[in-house]
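Student: pasted the sequence and its predicted model underneath.
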Amino acid sequence: MDSTTASFVALLLCLLLFLGSGVWIALSLLSASVVMFLFFTPVDAGSIMASTMWDASWNWALTALPLFVWMGEILMRSGLSSNLFQGLSPWLARLPGGLLHVNVVGCGVMAAVSGSSAVTCATVGRMTVPELRKRKYDSRMMVGSLAGAGTFGLLIPPSIIMIVYGVIAQQSVARLFIAGIVPGLVLILLFSGYIAIWAKLNPDKRGEVPPTMPFMQKLKASRDLLPVVLLIAAIIGSIYRGLATPTEAASIGILGAFILSFLNGTMSRRMFIDSLMAATRISCMISFIIACAACLSIAVGFADIPRVAASWVNSMNLSPAMLIVVLTIFFLILGCFLEGISILVLSSSVVLPMVQAAGIDLIWFGIFVVIVIECAQITPPVGFNLIVLKSLTGKGIGEVARDTLPFLLILLAAIVLFAVFPGLVTFLPELMYR
């Protein structure tokens, strides 16, 4: 066994040992990098790790992360979740499938606020599950649509995981945000289309349909939700038109969130402190993981693992399409045991050189990775959306996974669609600075 192979085996064993024993993800990455430096590289670990962690911690793109997280915390504490069902149901109730579409569209709206899959799923679920149960909607479709649509929190901008990917892959966060718009809308249409077809084929399982409301009454019911939608549209629009960077747009978003919270009477000293502390905790956790992952990437680079892995892939003469198939299976396996950001930072040091060697566009690959990680959010045993819905519905993980299977297959079909038509992902980013 040559030294590179030995270092790769040691890396896998270290990660399995540390992660399996319950050590924090960031500390597991840091410990694995120390082992790699001490036993498989000739360089001094101390100075390199210190400078690497410092460089990773002040990356300018990362400044958008705590700001978007704080914006989401403010909006969620200002009553957005309670307005979702009331604001969306009048517009969606008459579609085939009725109020089940609120799960899909509601998660799309919440995704643009929270940037997190589990938070999106939990927030929308707390509002829609009691309402759908009361109206006798099919339990399996209710749970499946909510778990599947909850994954939009990773894809629809502003997405936290896209910021992390942009930092790791050294890609424009603004272009990644814009690249996620069309795939996000396509997934909403695919999910809603499946619900509509299912409703037509199973009319006996359709729940109670509320009475039709006049147009002006619909607008009145949506008046508290509309300002949030306009705020998100303004943020994404300012990034697309080049009027603001993601960080500047996030600052505008926070200001808008404060104004909305003040106008609807939810602003208070306690809410301000709680939202700020929650955003600080989440941002520090993610930044610590990124800094430790940067150390591991440097250690893996000195051990020559990326070059050897890329050469190995090249020697197999895999086409880009076959490489995508292999990586999809690889990420799905990781998703059975790890959450999204961990999958991204653990795999990046080895996978990104392979992707670059295959000539795959890194913006497109970023969206691909996000969608595959969305799939991981609804695969047992550690699918976070499954765990959220287990607590909301009282069903077992196996039951929730069974209910979610059709939507998992739709996500996988979407990957095929975006691979066949990559322009669905890349054409908006290419138009940004023309």
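Tutor: Received the coordinates, thanks. As the structure is a prediction and not an experimental result, all values here were calculated from the model.
Student: tell me which helix or strand the residue most central in space within the chain sits in.
Tutor: Residue closest to the average C-alpha location in the chain (CA atoms, centre = their mean): residue 154, at 1.6 Å. Assessed by DSSP states H and E, residue 154 sits inside helix 152-155.
Student: for the record, mean pLDDT for that helix?
Tutor: Averaging pLDDT along helix 152-155 gives 81.
Student: contacts for it?
Tutor: Helix 152-155 is contacted from outside by 107-108, 110-111, 114-121, 159, 161-162, 180, 183-184, 187-188, 340, 367, 370-371, 373-374, 377, using CB atoms under 8 Å, 6 or more residues apart in numbering. Using the backbone N, CA and C atoms, a C-beta is placed for each residue, glycine as well.
Student: which of those fall within helices?
Tutor: Counting by DSSP state H, the contacts of helix 152-155 place 107-108, 110-111, 114, 117-121, 161-162, 183-184, 187-188, 340, 367, 370-371, 373-374 in helices.
Student: distance of the residue nearest to the centre of the chain from residue 376?
Tutor: Using CB to CB, to the nearest Å, we find residue 154 at a distance of 10 Å from residue 376.
Student: so what sits against both of those two?
Tutor: residue 340.
Student: low-confidence regions, the stretch 301-434 of the chain specifically.
Tutor: In the predicted model of the stretch 301-434 of the chain, residues 305-307, 309-314, 336-339, 381-384, 433-434 satisfy pLDDT under 70.
Student: try it again at 90.
Tutor: Applying pLDDT under 90 to the stretch 301-434 of the chain picks out residues 301-360, 372-404, 427-434.
Student: on that earlier part again, can you flag the buried ones in the ones in helices among the contacts of helix 152-155?
Tutor: 107-108, 110-111, 114, 117-121, 161-162, 183-184, 187-188, 340, 367, 370-371, 373-374 (16 or more other CB atoms under 10 Å).
Student: pLDDT weak spots in the stretch 151-300 of the chain?
Tutor: 151-164, 166-174, 177-178, 181, 199-272, 274-276, 278-300.
Student: need the contact list for residue 143.
Tutor: Neighbouring residues of residue 143 by CB under 8 Å, 6+ apart: 389, 393, 395, 399, 400, 403, 404.
Student: okay, and which of those residues map to helices?
Tutor: Using DSSP H, the contacts of residue 143 in helices are 389, 393, 399, 400, 403, 404.
Student: tell me which strands and helices the host helix or strand of residue 227 is in contact with?
Tutor: Assigned by DSSP H and E, residue 227 falls within helix 226-240. Helices and strands touching helix 226-240, by 3 or more CB pairs under 8 Å, 6 or more residues apart in numbering; DSSP states H and E, are helix 80-92, helix 100-114, helix 173-179, helix 246-263.
Student: please redo it, this time with the cut-off set to 7 Å
Tutor: Helices and strands touching helix 226-240, as assessed by 3 or more CB pairs under 7 Å, 6 or more residues apart in numbering; DSSP states H and E, comprise helix 100-114, helix 173-179, helix 246-263.
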